[in-house]
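Engineer: this one's sequence-less:
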């Protein structure tokens, strides 16, 4: 396969807004392709720049004989997994969920999906 063949595969693109010491912009990356990333002033620009970066990333890896990761097959995930945690954390999460008036499952999902901000 060549770079153009890989470009047609259903990779996971992540484009998110960033507001930091260098200003406001969008950061884009390909989840499966470590180090394949770009930025832009708008969502569209970041995505377009990412596609260009992805093509160069793929061409470089192919020229060097490195393996190219396949896209993640999300169909193999059920949406469920078991997490073991300390009883004290379980209790705290249950109490917080009750305060919010939601189930523990909904509260845990909310906490897991919240953006992480560096301090």
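Structural biologist: Thanks, I have the structure now. A quick note: this is a predicted structure, and the numbers were derived from the prediction, not measured.
Engineer: Name the nearest residue to residue 58, ignoring sequence neighbours.
Structural biologist: Among residues not flanking residue 58 along the chain, residue 3 sits closest, at 4.0 Å (CB to CB, 6 or more residues apart in numbering). Using the backbone N, CA and C atoms, a C-beta is placed for each residue, glycine as well.
Engineer: any idea how far the one you found is from residue 51?
Structural biologist: Shown here: residue 3 relative to residue 51, a distance of 11 Å by CB to CB, to the nearest Å.
Engineer: who's more crowded, these two?
Structural biologist: Of the pair residue 3 and residue 51, residue 3 is the one with more neighbours under other CB atoms under 10 Å, namely 17 against 14.
Engineer: quick one: contacts for that one?
Structural biologist: 55, 58-59, 62 (CB atoms under 8 Å, 6 or more residues apart in numbering).
Engineer: lowest-pLDDT helix or strand in this protein?
Structural biologist: Scoring the helices and strands of the chain by mean pLDDT, DSSP states H and E places helix 104-113 at the bottom, with a mean of 90.
Engineer: Now do the buried residues in that helix.
Structural biologist: 107-108 (16 or more other CB atoms under 10 Å).
Engineer: and that helix, what other elements does it pack with?
Structural biologist: helix 87-100 (3 or more CB pairs under 8 Å, 6 or more residues apart in numbering; DSSP states H and E).
Engineer: Cool, thanks, talk later.
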